[in-house]
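**Q** Dropping a prediction and its sequence here:
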Amino acid sequence: MADAIRFLAMDGVEAAKSGHPGMPMGMADVATVLFSKFIKFDASRPDWADRDRFILSAGHGSMLIYALLHLTGYKAATREELASFRQWGARTAGHPEYGHMPGVETTTGPLGQGLANAVGFAMAERHLAAHFGEHLVDHRTWVIAGDGCLMEGISQEAITLAGRYRLNRLTVLWDDNAITIDGAVSLSDATDQKGRFKAAGWAFKAIDGHDMAQIKAALKWATKQDRPTLIACKTRIGKGAATLEGSHKTHGAALGAAEVAATRLGLNWPHAPFDVPEEIETAWRKVGRRGAKLRKGWEARLKASPLEADFTRAMAGDLPADAFDKWDAGLKALIAMPPAQATRAASGAALAELFEPIPELIGGSADLTGSNNTLVKGTVTFDAPDYEGRYINWGIREHGMAAAMNGMALHGGIIPYAGTFMVFSDYSRPSIRLAALMGIRVIHVLTHDSIGVGEDGPTHQPVEHLAALRAIPNLLVFRPADTVEAFECWRAALESKTMPSALALSRQKTDAVRLAAAGANLSARGAYVLREASGEARATLFATGTEVPIALKARDQLEAAGVPTRVVSVPCFALFERQPADYQAKVIGRGTVRVAVEASIRQGWERFIGEDGGFVGMTGFGASAPAEILYAKFGITAAAVVEQVRARL
């Protein structure tokens, strides 16, 4: 059965003339025992909510999971798909991609990401088990990780989180083959991984990764531990290869026709590429059906449960019918009596209206709770041993936090959000990018969004971050101008099931700009006319966030000087791009002088102001001083906006 994995991996990579055969060949024995004896799944129902989750963190070895899915009978994992490995239109992408192939739980490839995602999967399982009961939620998360996963810095954040929260349903199988692309691991690393994981609160066991009895005993041991487990599986990369077994040359290249032929001879596998002997295929298909009885029993328990409707809705990612009832009432009150406050405070107020009616919301902060306004008063903290709390203390671990949030969203039943300072979104960026690639609902609360941070200085003042985040496809970047827009942006983020969101929020207070009720969520359109000109417009001013009041002040000055001027608030570039072309043209106001103001760099604003439009913002880094001094010194003022308009009239 293990050799079937080896040859499917070799054949797939050979057909593509591209790929990584060494890891699947080396871990074939471990994977065979894991799937045939331990993982709870039903190949006929890949979406079974109480299945075990298998995460291939070492995603370069993707032919391992494709071979397993094919052998166990996943309908989508056909022989034709394996033969089309890495080709246009195939579900068998070079690295596993969520949403392409059933059975692939997350997109992996950037090393360490899968391991950190798995921590989120395990956290989600424990929380939902506490909320719905272990008769409905009782499964494990299994990970195959390589040396590269353990070297990447995100792994340290992930393993210390898992250890702190005693996630005993999480088991990592380390492909301890001592090989990287360049050669031996010893060229660049001498870490005592046993000491490292034990120090983080994990249980550790080392085994021969080619000894079936040892593998089985170790996996059974892992299921009995009261903390997360790491099993170091000592393997030989390219196991079974005729002359290249143990060589780093098997890591990232096809073995070649001669080596594959010699390996077939050496392992007594006289079968054509992608052919599997009937008796071996039968054995594997039996593995794929092994969980059907368990799945049917679970379905009966779900049907009999009074929580069936809530569980099914939550796992489908649908919001409760009354999710926005309190939100609507709160928004009407704010429009009637608009407060001047920081948009981070406005975000916290919106969250307070949403948290109770949407029980799937689970929040947190990277040790900046009081600054990010992410804690709703009275919320119980997520922690061992009961895990029912809905607020997570992530610690100073932005990258691990963002990746684990991805895992929570992928698991289902949870809508994760968490906060940090916007400048530290750089630490989270790889995970934010993957959330956008996968199309999952994760909400990043990014406060202290400009030079308005003030005295902390340029290390903490994001100037290029809005442009950098807006450059990520399928990511909603919101920068609300006041409390009303903050409410609207939160609603738009929650209603976007297939896009992650980033809310850029201010430290400093800002005046309310939405002074009248609207019949719709204007921020959800991405941009809208906030103030019309008194006559036929000669100028259009665009702004976001705390700079919208500056644009309104400039408008008043221009209007007083006889220049009819309109103001457009632009809370979300990406949502504006989704609007009909006629709406976009109407909002942009072609034929007028166009000037944008934002305490950030210009990049990206050409979409609104054109090549010759004016821009009032930053051209370099900030400085350490009070916010109002910085705005004046860097020229982000109403007077500067007026000057830009006059120069173009």
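**A** Arrived safely, thanks for sending.

**Q** Counting by contacts, list what the biggest helix by length in the chain packs against.
**A** Using DSSP state H, we find that the single longest helix of the chain is helix 113-132. Under the contact criterion of 3 or more Cβ pairs under 8 Å, 6 or more residues apart in numbering; DSSP states H and E, helix 113-132 touches strand 53-56, strand 141-145, helix 147-151, helix 154-164, strand 170-176, helix 398-411, helix 425-438. For every residue, glycine as well, the C-beta is placed using N, CA and C.

**Q** could the ones you listed go into JSON lines alongside distance to residue 551, mean neighbour count and mean pLDDT?
**A** JSON lines is the format used below for these (distance: least, Cβ to Cβ, whole Å; neighbours: other Cβ atoms under 10 Å; pLDDT from 0 to 100):
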{"stretch": "strand 53-56", "distance to residue 551": "47", "mean neighbour count": "27", "mean pLDDT": "98"}
{"stretch": "strand 141-145", "distance to residue 551": "49", "mean neighbour count": "27", "mean pLDDT": "98"}
{"stretch": "helix 147-151", "distance to residue 551": "47", "mean neighbour count": "21", "mean pLDDT": "98"}
{"stretch": "helix 154-164", "distance to residue 551": "40", "mean neighbour count": "24", "mean pLDDT": "98"}
{"stretch": "strand 170-176", "distance to residue 551": "50", "mean neighbour count": "28", "mean pLDDT": "98"}
{"stretch": "helix 398-411", "distance to residue 551": "32", "mean neighbour count": "29", "mean pLDDT": "98"}
{"stretch": "helix 425-438", "distance to residue 551": "25", "mean neighbour count": "22", "mean pLDDT": "98"}
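
**Q** closest to residue 477 out of the ones you listed?
**A** helix 425-438 (10.0 Å; Cβ to Cβ).

**Q** other SSEs contacting that closest one?
**A** Contacts defined by 3+ Cβ pairs under 8 Å, 6+ apart place helix 425-438 against helix 113-132, helix 398-411, strand 443-447, helix 465-470.

**Q** Quick one: list the elements packing against the shortest one.
**A** This means strand 443-447. Identification of packing neighbours for strand 443-447 by 3+ Cβ pairs under 8 Å, 6+ apart yields helix 343-354, helix 369-372, strand 415-421, helix 425-438, strand 501-505.

**Q** wait, which of these is closest to residue 542?
**A** Among the helices and strands packed on strand 443-447, the nearest to residue 542 by Cβ to Cβ is strand 501-505 (15.7 Å).

**Q** quick revisit: adding distance to residue 247, write the helices and strands packed on helix 425-438 out as CSV.
**A** Shown next, in CSV, are these (distance: least, Cβ to Cβ, whole Å):
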stretch, distance to residue 247
helix 113-132, 25
helix 398-411, 32
strand 443-447, 42
helix 465-470, 40
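
**Q** which residues touch the residue lying closest to residue 549 once chain neighbours are set aside?
**A** Spatially, and ignoring its direct neighbours in sequence, residue 549 is nearest to residue 511 (4.7 Å; Cβ to Cβ, 6 or more residues apart in numbering). Neighbouring residues of residue 511 by Cβ atoms under 8 Å, 6 or more residues apart in numbering: 340, 482, 549.

**Q** So what does residue 511 look like in phi/psi?
**A** Backbone torsions of residue 511, given as degrees, to the nearest 10, read phi -70, psi 150.

**Q** how close does it sit to residue 481?
**A** As judged by Cβ to Cβ, to the nearest Å, residue 511 and residue 481 stand 9 Å apart.

**Q** which neighbours do these two share?
**A** Taking Cβ under 8 Å, 6+ apart as the criterion, residue 511 and residue 481 both touch residue 549.

**Q** For residue 317, the count of nearby residues, please.
**A** 16 (other Cβ atoms under 10 Å).

**Q** isn't it right next to residue 441, touching?
**A** Yes. With contacts counted by Cβ atoms under 8 Å, residue 317 reaches residue 441, the gap being 6.8 Å.

**Q** where do the contact lists of these two overlap?
**A** Both residue 317 and residue 441 are contacted by 415, 497, under the criterion Cβ under 8 Å, 6+ apart.

**Q** Tell me where the stretch 151-300 of the chain has helices.
**A** Under the criterion DSSP state H, counting those that start in this stretch, the stretch 151-300 of the chain carries helices at the ranges 154-164, 193-199, 212-222, 257-266, 278-289, 292-304.

**Q** Can you add distance to residue 233 and give those back as CSV?
**A** What follows is those, written out as CSV (distance: least, Cβ to Cβ, whole Å):
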stretch, distance to residue 233
helix 154-164, 17
helix 193-199, 12
helix 212-222, 7
helix 257-266, 21
helix 278-289, 20
helix 292-304, 26
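
**Q** Single out the most deeply packed of these.
**A** Sort the helices of the stretch 151-300 of the chain by mean neighbour count, taking mean count of other Cβ atoms under 10 Å, and helix 154-164 sits at the top with a mean of 24.

**Q** Give the other helices and strands that that one contacts.
**A** Secondary-structure packing of helix 154-164 (3+ Cβ pairs under 8 Å, 6+ apart): helix 113-132, helix 193-199, helix 398-411.

**Q** Just checking the distance from that helix to the centre of its chain.
**A** 17 Å (Cα atoms, centre = their mean, to the nearest Å).

**Q** picking that back up, ok, which of the helices of the stretch 151-300 of the chain comes nearest residue 535?
**A** Across the helices of the stretch 151-300 of the chain, closest to residue 535 is helix 154-164 (Cβ to Cβ), at 56.4 Å.

**Q** outside of that closest one, which residues touch it?
**A** For helix 154-164, the external contacting residues (Cβ under 8 Å, 6+ apart) are 112-113, 115-116, 118-119, 122, 145, 149, 170, 196-197, 200-202, 227-228, 394-395, 397, 399-401, 403-404, 430.

**Q** I'd like to know which of the helices and strands packed on helix 425-438 lies nearest to residue 488.
**A** strand 443-447 (14.2 Å).

**Q** how much does that closest one deviate in direction from strand 501-505?
**A** Angle of strand 443-447 versus strand 501-505, following axes from the mean of the first three to the mean of the last three Cα atoms, to 10 degrees, is 20 degrees.

**Q** Tell me how far the residue most central in space within the chain lies from residue 238.
**A** Nearest to the mean C-alpha position of the chain, counting by Cα atoms, centre = their mean, stands residue 435 at 3.1 Å. According to Cβ to Cβ, residue 435 stands 34 Å off from residue 238.
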